[in-house]
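Chemist: build me a model from this:
(chains A, B and C)
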Amino acid sequence: MNYWLMKSEPDVFGIDHLMQCENQTDSWDGIRNYQARNFMRDDMKIGDQIFFYHSNCKEPGIVGIMQVVKESYCDHTALNKKSKYYDAKSTKDNPRWFMVDVKFLRKFKHLVTLKQMRSDAVLSDMQLLQKGNRLSILPIAKKHWTYIKNIGA
DNA sequence: GCCAACGTTGGC
DNA sequence: GCCAACGTTGGC
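Modeler: Predicted coordinates:
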């Protein structure tokens, strides 16, 4: 089993939105970055667990845990001309963009803030904390996963 | 709202 | 294939 982190802006789609979805499950659509796409398309498997990260907000950080419940399939928002994620180069037969379905597992008791992670020597080699990192889907090492999960509890 | 860092596009 | 211009991300 692998561990991941996925970013989303709480004003657009936060962990509370996911909790309110049917079956507390939703498709992670709108990813338009090749590296992030490849992680979803090639590496994310059912049962993999994911940190839900709130980005671009007052207190960026990890707010909870979700799980992969459906492996990659065509991101249909790329086919919809009315969607802001529309991409003429993606077709049904030859999709350029993919998504997975994720299910809410739980919320942390304590938000694990970016600030807190930055100040923790144990986490210093996390990809999330590297300079200039903008990737919205990242793998998490098991040791970091366990450590952060214990802080968030 | 600013801006550094990065990714993508397209002319050549 | 290079690289300037542009767009986006996301912390601050």
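
Chemist: show the pLDDT at the closest residue to residue A:4 other than its chain neighbours.
Modeler: Taking Cβ to Cβ, 6 or more residues apart in numbering, and ignoring the residues beside it in sequence, residue A:4 has residue A:50 as its nearest neighbour in space, at 4.5 Å. The way it works is simple: take the backbone N, C-alpha and C, and place the C-beta from them, glycine included. Looking at residue A:50, its pLDDT reads 98.

Chemist: now residue A:50: how far from residue A:93?
Modeler: Between residue A:50 and residue A:93 the distance, using Cβ to Cβ, to the nearest Å, works out to 29 Å.

Chemist: between those two, tell me which one has more neighbours.
Modeler: residue A:50 (25 against 5; other Cβ atoms under 10 Å).

Chemist: and that one, what element?
Modeler: strand A:49-54 (DSSP states H and E).

Chemist: next, residue A:92: secondary structure please.
Modeler: Three-state assignment for residue A:92 (DSSP: H, G, I helix; E, B strand; the rest coil): coil.

Chemist: mind listing what the nearest residue to it once chain neighbours are set aside touches?
Modeler: Spatial nearest neighbour of residue A:92, chain neighbours left out: residue A:79 (6.2 Å); criterion: Cβ to Cβ, 6+ apart. Residue A:79 makes contact with A:86, A:90, A:91, A:92, according to Cβ atoms under 8 Å, 6 or more residues apart in numbering.

Chemist: the strand holding residue A:50 close to DNA strand B?
Modeler: No - using Cβ under 7 Å from any atom of the strand, we find that strand A:49-54 stays clear of DNA strand B, coming within 14.2 Å at best.

Chemist: and what of stretch A:85-103?
Modeler: No - on the criterion Cβ under 7 Å from any atom of the strand, stretch A:85-103 is out of touch with DNA strand B, staying 7.6 Å away.

Chemist: now stretch A:60-77
Modeler: No - in terms of Cβ under 7 Å from any atom of the strand, no part of stretch A:60-77 sits within range of DNA strand B; the closest distance is 11.3 Å.

Chemist: can you show me the strands along chain A?
Modeler: Taking DSSP state E as the criterion, chain A contains strands spanning A:3-8, A:25-27, A:49-54, A:61-74, A:98-113, A:137-139.

Chemist: single out the most deeply packed of the ones you listed.
Modeler: Comparing the strands of chain A by mean neighbour count (mean count of other Cβ atoms under 10 Å), strand A:49-54 comes out on top with a mean of 23.
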